[in-house]
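In: Provided below are the primary sequence and the corresponding predicted coordinates.
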Amino acid sequence: MRRVKRYGLVIAAVLIIGGHNADADPVGTGFTYQGQLKQAGAPYTGVADFQFRAYDAAAGGAAVGPLVTQLNVAVDNGLFMVSLDFGANVFSGAPRWLAIAARVPAAGGAYVPIVPRQPVAPTPYSMLSGHAETVADNSVDSDSVVNGSIQPGDLSFTPGDITSVGAGPGLTGGALSGAANLAVDFSGSGNAATASRSNHWHSALNASDGNPTDALTVDTTGDVSIGTATSTHRLTVADDGDDTLRLMGPGSFGSGSRLNFGDADWAYIDEPIDDDLTIHCEDGGGAAGGGKLTLDADVVEVSRGTDVSPAGGAYLRFGAPTGVNLAIDNNELMVRNNGVASTLSINHEGGDVHIGSSGTGNVGVGTNTPSSTAKMHVVSDAFSRGILATSASGGTGSYGVYAESTATSGTGLRGVANTGSSAWGIWGSSTSDEAGHFSGDVVVTGSLSKGGGSFKIDHPLDPANKYLLHSFVESPDMMNIYNGVVVLDGEGAARITMPEWFDVLNRDFRYQLTAIGAPGPNLYIAEELQGNQFGIAGGDPGMKVSWEITGIRQDKWAEAYRIPVEEVKPDDEKGLYLHPELYGLSRDHAIEAPKERAWQEAVETEAEARDRADHQAAEALRQPAGDLPSKKETLE
């Protein structure tokens with residue numbers, strides 16, 4: 001079983017810190033306590049911890065004041081000294097006892113109470129000796145009285161009348177006797193801690209007529225609300241049916257009003273002239289990405305403006321009123337350059353462009369009413385080109401125009417020209433190779449005119465390295481040629497039967513017979529074509545005969561479009577040649593030359609127009625600032 005050490009305490013002295021006289025500093029509540037600590041009957045030397053608490057009885061009773069702990073107190077041959085302060089109202093004149101507990105060595109375990117409690121010597125009560133029945137006028141101030149030492153019951157006075165009421169700072173009125181009224185003075189200006197300023201601070205102000213209440217409120221965090229007592233932001237303005245917030249400038253109709261953001265003139269909204277609103281953003285330090293205006297909204301709506309034209313008008317304009325600018329109205333997008341329609345670039349630096357990629361809408365270029373039969377309808381202007389497609393690179397896989405139809409029975413590319421003798425549905429030209437190349441069957445439902453013609457196949461004997469070509473058989477009269485071989489019967493004759501459509505398709509027949517294997521000088525046409533048959537006779541029995549018959553087409557198309565053997569050139573083609581090089585002439589004399597010249601002139605005209613626009617833009621940049629139109633004019 002562990003034995004608890006017992007300590008003995010011998011009181012050596014109790015001493016108040018400081019004395020008291022009329023000229024000394026006020027007496028405090030602290031005092032010095034001295035004692036002797038013994039352990040097992042012998043004086044203790046070392047370091048100990050102590051706890052002190054005042055009681056109103058030697059045993060039991062109630063604690064008075066706080067628990068005071070003194071740590072690491074030096075003890076020499078049992079003697080120690082500590083400063084104690086239980087605060088005011090503990091030593092009020094009633095008996096007091098100190099309960100003491102010690103811990104040896106310091107921080108070495110639990111505190112052990114020292115019994116019995118020690119009675120408090122009379123010295124602490126000398127703090128009350130300054131009390132007197134009366135004091136001289138103005139001889140006691142707040143520094144001379146211990147806080148809480150004077151109780152309400154210690155004071156008495158004789159009621160009487162207030163002899164005067166004076167008006168302090170910010171007040172008016174008052175009187176030396178009788179009834180007195182005070183009023184708040186709101187004159188003057190500037191911040192002050194008194195009421196005598198017209199802009200003094202209030203937590204809440206009502207409207208002048210009392211409605212609404214809380215017209216202006218400043219909460220405890222400094223948030224301001226107008227028209228409501230609840231502030232949700234640093235400044236909250238509630239709408240009462242009139243304008244929520246209005247800025248009035250010094251100019252007429254409010255012009256000159258301005259709302260700045262930040263501590264400099266880099267971001268602000270102002271009304272420089274009546275009805276013109278400017279949002280100004282710039283980076284004063286020149287940092288990249290500064291001066292940006294961001295509209296973070298699902299929809300940005302501009303509901304008023306005028307129709308866009310080269311001369312002016314817009315709902316929305318990007319750029320200065322002079323020079324190049326982009327203007328938008330409610331159904332048009334236009335680039336203008338000093339009153340002239342200019343070039344609109346979309347994804348100029350690269351990237352895809354999607355127009356009408358879904359839905360039923362069609363795109364019109366050069367027309368306000370695109371055809372409902374085409375996704376893109378292009379109408380050419382004076383430049384005479386509906387679409388100009390140029391491929392500058394890519395080699396054999398490069399196409400100026402690539403047209404493809406994936407629809408059933410669709411057409412990849414169609415060219416139509418219906419006006420004029422030189423109207424060409426499709427015009428292909430090449431000075432170095434083929435003007436047209438068709439991989440597959442080609443059907444021509446009209447006449448085919450050519451300088452020459454042939455078949456061209458891989459050479460049967462060397463298909464990897466050679467071609468084999470044969471020229472067409474030409475005739476001036478739309479002739480069809482038919483031939484075959486027949487063996488004569490026992491009488492030296494034969495009948496040749498042609499297809500049932502033969503005599504419907506052809507007329508003006510011509511015949512030719514050639515004996516094979518032996519001379520046949522007596523061979524002849526015994527019977528001309530009749531019922532799609534003709535007869536041969538005059539040969540030897542069993543003779544083999546090669547026959548040929550020709551006819552001139554007489555079908556409806558041939559009769560309607562008989563190919564003339566000769567024709568006079570149209571006036572716009574006279575002096576021009578299909579092959580001018582064969583006559584020692586340049587390409588300027590070719591049939592295509594007028595179209596090529598018109599094309600080139602259109603290109604040059606367009607280039608000149610662009611040069612003029614660029615020149616006007618440069619001149620506009622040199623225009624003096626004083627000649628620029630007003631901001632109201634820039635809206636047009």
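Out: Done, it's in.

In: can you pull out the strands in the stretch 301-450 of the chain?
Out: According to DSSP state E, counting those that start in this stretch, the stretch 301-450 of the chain carries its strands in the segments 316-318, 324-328, 333-337, 340-341, 363-365, 376-378.

In: how about those, which one is nearest Glu282?
Out: Using CB to CB as the criterion, the shortest distance between Glu282 and the strands of the stretch 301-450 of the chain is 16.4 Å, found for strand 316-318. Every residue, glycine included, has its C-beta placed from N, CA and C.

In: mind listing what that closest one pairs with, with the direction of each?
Out: Using DSSP bridges, the strands paired with strand 316-318 are strand 324-328 (antiparallel).

In: average pLDDT for the strand it pairs with?
Out: When pLDDT is averaged over strand 324-328, the result is 88.

In: thinking again about what came up before, can I get the strands of the stretch 301-450 of the chain in TSV with mean neighbour count and distance to Phe31?
Out: Compiled in TSV, the strands of the stretch 301-450 of the chain are given as follows (neighbours: other CB atoms under 10 Å; distance: least, CB to CB, whole Å):
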stretch	mean neighbour count	distance to Phe31
strand 316-318	16	86
strand 324-328	19	90
strand 333-337	19	94
strand 340-341	14	102
strand 363-365	13	102
strand 376-378	15	106
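
In: Can you check which of those strands gets nearest to Asn532?
Out: When the strands of the stretch 301-450 of the chain are ranked by proximity to Asn532, the top entry is strand 376-378, at 52.6 Å, counting by CB to CB.

In: Give the other helices and strands that the closest one contacts.
Out: Applying 3 or more CB pairs under 8 Å, 6 or more residues apart in numbering; DSSP states H and E, we find strand 376-378 packed against strand 363-365.

In: tell me what the strand it packs on is packed against?
Out: Strand 363-365 sits against strand 376-378, with contacts defined as 3+ CB pairs under 8 Å, 6+ apart.

In: show me the contacts for the most far-flung residue of the chain relative to its centre.
Out: For the chain, the largest distance from the centre (CA atoms, centre = their mean) belongs to Glu491, which lies 99.9 Å off. Taking CB atoms under 8 Å, 6 or more residues apart in numbering as the definition of contact, the neighbours of Glu491 are Ala537, Pro541.

In: Where does pLDDT dip in the stretch 401-550 of the chain?
Out: Residues of the stretch 401-550 of the chain meeting the criterion pLDDT under 70: 421-422.

In: mind redoing it with 50?
Out: Under the criterion pLDDT under 50, no range of the stretch 401-550 of the chain is flagged.

In: any chance you could map the helices in this structure?
Out: 502-505, 556-560, 593-621, 631-634 (DSSP state H).

In: Flag the helix or strand of this structure with the lowest per-element mean pLDDT.
Out: Considering only helices and strands, the least confidently modelled element of the chain by mean pLDDT, DSSP states H and E is helix 631-634, at a mean of 38.

In: hang on, the earlier thing: for the strands of the stretch 301-450 of the chain, which one sits closest to Asp85?
Out: Nearest to Asp85, of all the strands of the stretch 301-450 of the chain, is strand 316-318, at 79.2 Å by CB to CB.

In: Tell me how far that closest one lies from the chain's centre.
Out: On the basis of CA atoms, centre = their mean, to the nearest Å, strand 316-318 is displaced by 18 Å from the centre of the chain it belongs to.

In: List the residues that contact Arg336.
Out: Going by CB under 8 Å, 6+ apart, Arg336 touches Pro310, Val324, Asn325, Leu326, Ala327, Ser342.

In: Return the member of the residues you listed nearest to Arg597.
Out: The nearest one, if we look at the contacts of Arg336 relative to Arg597 and count by CB to CB, is Ser342, at 26.9 Å.

In: burial measure for that closest one, as a count.
Out: Other residues near Ser342 come to 21 when the count uses other CB atoms under 10 Å.

In: what does Pro370 give?
Out: Count around Pro370 with other CB under 10 Å applied: 19.

In: Redo the contacts of Arg336 as CSV? Include distance to Ala179.
Out: Shown next, in CSV, are the contacts of Arg336 (distance: CB to CB, whole Å):
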residue, distance to Ala179
Pro310, 84
Val324, 82
Asn325, 77
Leu326, 78
Ala327, 77
Ser342, 86
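
In: Nearest to Val75 among the residues you listed?
Out: For those, the nearest to Val75 is Leu326 (94.2 Å; CB to CB).
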